[in-house]
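Participant: following is a predicted model, sequence given first.
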There are 2 protein chains.
Amino acid sequence: MIQRIPVVEKILSANDRLAQENRARLDTYHVFSINLMASPGAGKTSLIEHTVRGLADKLRLAVIDGDIATSLDADRAAAAGAAAIQINTGGECHLDAVMLQNALTQLDLSAFDFLIVENVGNLVCPISFQLGTHQNILIASIPEGDDKSYKYPTIYQGVDALVINKMDLLPYVSFNMDYFLRGVEILNPGVISFPISCRTGEGLAAWFSWVIKQVFERRD
Amino acid sequence: MIQRIPVVEKILSANDRLAQENRARLDTYHVFSINLMASPGAGKTSLIEHTVRGLADKLRLAVIDGDIATSLDADRAAAAGAAAIQINTGGECHLDAVMLQNALTQLDLSAFDFLIVENVGNLVCPISFQLGTHQNILIASIPEGDDKSYKYPTIYQGVDALVINKMDLLPYVSFNMDYFLRGVEILNPGVISFPISCRTGEGLAAWFSWVIKQVFERRD
């Protein structure tokens, strides 16, 4: 096991270099990009579908979907109207910068304003591999329970915004919002959060406004 | 990256050797053991609490809880009445055989019939690291969505039984059980499944009976 650490460090520093190249490429074309992370089934693809439809007349949107297997997510993003590319990691539990770099070569970045990169469903590994996107976004989901901010501190610490999905399920599960948000605040003071429901549409308007603001701030 | 493969292979084969040692130790003491895996928030700890309470008068039960951080899960298992040990992986996204080996030294195995090892909440990495337990159990959760058997095939292929939790949420989410189970059947034909709700208690009796049968089959 002693040999393992330097290998992992070498991989991570190579990843960071490629992430910087990805960022430079995205900046050249003024594309605002997010790395969307969550547990399996928290609603990443549902949020993407709503965002694609909700912002279709305001932004030119592309989606890169990371999954271990299948093209189910890219199919859903494409059906919603986005340019969509699927990355199959073949077992890897996270995206990395080289996977994103390869996917970016398949997009004409001059044709887009906003790129969503959907990471593999996993609350642990994805946050250790920067992709070069501008913001890391985490989706928490009400039925996951209110202790997740305490139990997965690294990802909660490392994100720029938090979406809290499935608010419509609050009456049917045991979830103490004060307790959950106290954990978030300890780890990531002041982080912006968006309580939403992809099912009812609650809260999506605030999320859309924030995305538009991020895109146009980078334009000015 | 070329150097990475042999290092990973070496780690995996060392892990398998330790897993065999763990199995031999558990068999010596006639302890039936399961490796309980799931996404974050699918209900691993809730199922453990119910199992500890439901089987308290029939089995002597121990729990080893794997988490990145906190002792919240072991605290809950102990409050339910089990002997509970917490492993904090310090960032690692899965348990491995050496972590279990260390935890086993803290238990007097002659005092127990049934050991539940609760893995880190993750649908990807845990299945690659055998622990030496007798059965791999996966908990799926209704609000995660019906496509998870297709999107996380490795873990669905590698388990000996499937618990489907949060059945009480079926009326409030979009989940096609036929579609989900078709994916399960393709990957793992004939695998036994237990539809349950830790909230309402639905289906728990069948799960308890199965556990008891596994324990006593190994005794005879």
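Facilitator: Looks like it came in fine.

Participant: what residues sit buried inside the longest helix that chain A contains?
Facilitator: Assignment by DSSP state H gives helix A:4-28 as the longest helix of chain A. The neighbour-count criterion (16 or more other Cβ atoms under 10 Å in any protein chain shown) identifies A:N15, A:L18, A:A19, A:N22, A:R23, A:R25, A:L26 as the buried residues of helix A:4-28. Yep, even glycine has a C-beta here, placed from its N, CA and C like the rest.

Participant: the third one contacts A:S128, correct?
Facilitator: No: in this structure A:A19 lies outside contact range of A:S128 using Cβ atoms under 8 Å: 11.7 Å.

Participant: CA atoms of the host helix or strand of A:V52 as PDB?
Facilitator: In this structure, A:V52 is located in helix A:44-54 according to DSSP states H and E. Taking only C-alpha atoms (Å, rounded to 0.1, in the frame of the first residue of the first chain), the coordinates of helix A:44-54 have been written out as PDB:
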ATOM      1  CA  LYS A  44     -29.400  15.300 -11.900                       C
ATOM      2  CA  THR A  45     -31.000  14.300 -15.200                       C
ATOM      3  CA  SER A  46     -34.400  15.600 -14.200                       C
ATOM      4  CA  LEU A  47     -32.900  19.000 -13.300                       C
ATOM      5  CA  ILE A  48     -31.100  19.000 -16.700                       C
ATOM      6  CA  GLU A  49     -34.300  18.300 -18.600                       C
ATOM      7  CA  HIS A  50     -36.100  21.100 -16.800                       C
ATOM      8  CA  THR A  51     -33.100  23.500 -17.300                       C
ATOM      9  CA  VAL A  52     -32.900  22.700 -21.000                       C
ATOM     10  CA  ARG A  53     -36.600  23.300 -21.600                       C
ATOM     11  CA  GLY A  54     -36.800  26.300 -19.200                       C
END
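
Participant: tell me which residues touch A:A79, please.
Facilitator: For A:A79, the residues meeting the contact criterion (Cβ atoms under 8 Å, 6 or more residues apart in numbering or on different chains) are A:E49.

Participant: what helix or strand is it on?
Facilitator: Taking DSSP H and E as the definition, one finds A:A79 inside helix A:72-80.

Participant: can you redo the buried residues of helix A:4-28 as JSON lines with distance to chain B and pLDDT?
Facilitator: Written out in JSON lines, the entries for those read as follows (distance: Cβ to the nearest Cβ, whole Å; pLDDT from 0 to 100):
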{"residue": "A:N15", "distance to chain B": "10", "pLDDT": "94"}
{"residue": "A:L18", "distance to chain B": "12", "pLDDT": "96"}
{"residue": "A:A19", "distance to chain B": "16", "pLDDT": "97"}
{"residue": "A:N22", "distance to chain B": "17", "pLDDT": "98"}
{"residue": "A:R23", "distance to chain B": "21", "pLDDT": "98"}
{"residue": "A:R25", "distance to chain B": "21", "pLDDT": "98"}
{"residue": "A:L26", "distance to chain B": "24", "pLDDT": "97"}
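
Participant: now do the contacts for A:S174.
Facilitator: Contacts here follow Cβ under 8 Å, 6+ apart; on that basis A:S174 touches A:G145, A:D146, B:R199.

Participant: make it 10 Å
Facilitator: Counting by Cβ atoms under 10 Å, 6 or more residues apart in numbering or on different chains, A:S174 touches A:P143, A:G145, A:D146, B:S46, B:R199.

Participant: got phi/psi on it?
Facilitator: A:S174 has phi and psi values of phi -90, psi 110 when expressed as degrees, to the nearest 10.

Participant: do the same with A:I192
Facilitator: Here A:I192 shows phi and psi, under degrees, to the nearest 10, equal to phi -80, psi 140.

Participant: surely it meets A:L162?
Facilitator: Yes: with contact taken as Cβ atoms under 10 Å, A:I192 and A:L162 are classed as touching, separated by 7.2 Å.

Participant: mind checking the SS state of the residue nearest the centre of chain A?
Facilitator: Among the residues of chain A, the one closest to the centroid is A:L36, at 0.5 Å (Cα atoms, centre = their mean). Under DSSP: H, G, I helix; E, B strand; the rest coil, A:L36 falls in the strand class.

Participant: who wins for most neighbours among the contacts of A:S174?
Facilitator: Counting neighbours by other Cβ atoms under 10 Å in any protein chain shown, A:P143 leads the contacts of A:S174 with 26 neighbours.

Participant: how about that residue: what's its closest non-neighbour residue?
Facilitator: Ranked by Cβ to Cβ, 6 or more residues apart in numbering or on different chains and with sequence neighbours excluded, the top spatial neighbour of A:P143 is B:P143, at 4.1 Å.

Participant: now for the contacts of A:S174, which pair is the farthest apart?
Facilitator: A:D146 and B:R199 (14.7 Å; Cβ to Cβ).

Participant: just give me the closest of the buried residues of helix A:4-28 to A:N122.
Facilitator: Comparing those against A:N122 with Cβ to Cβ places A:N15 closest, at 16.2 Å.

Participant: looking at it, the closest one is touching A:P126, isn't it?
Facilitator: No: with contacts defined as Cβ under 10 Å, A:N15 does not count as touching A:P126, sitting 11.9 Å away.

Participant: just checking, what packs against the longest helix of chain A?
Facilitator: When contacts are defined as 3 or more Cβ pairs under 10 Å, 6 or more residues apart in numbering or on different chains; DSSP states H and E, helix A:4-28 packs onto strand A:32-38, helix A:97-104, helix B:4-28.

Participant: got the contact list for that helix?
Facilitator: Taking contacts as Cβ under 10 Å, 6+ apart, the residues outside helix A:4-28 that touch it are A:31-33, A:35, A:96-101, A:103-105, A:109-110, A:112, A:115, A:117, A:128-134, A:218, B:1, B:3-4, B:7-8, B:10-11.

Participant: how about the contacts of A:S174 in a markdown table, adding pLDDT and secondary structure?
Facilitator: Shown next, in a markdown table, are these (pLDDT from 0 to 100; DSSP: H, G, I helix; E, B strand; the rest coil):
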| residue | pLDDT | secondary structure |
| --- | --- | --- |
| A:P143 | 98 | helix |
| A:G145 | 97 | coil |
| A:D146 | 98 | coil |
| B:S46 | 97 | helix |
| B:R199 | 97 | coil |
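
Participant: confirm A:A84 sits in a helix?
Facilitator: No: counting by three-state DSSP, one finds A:A84 to be strand, located in no helix.

Participant: B:A82 versus that one, what's the distance?
Facilitator: 46 Å (Cβ to Cβ, to the nearest Å).

Participant: check A:G158 too.
Facilitator: When distances are taken as Cβ to Cβ, A:G158 and B:A82 turn out to be 33 Å apart.
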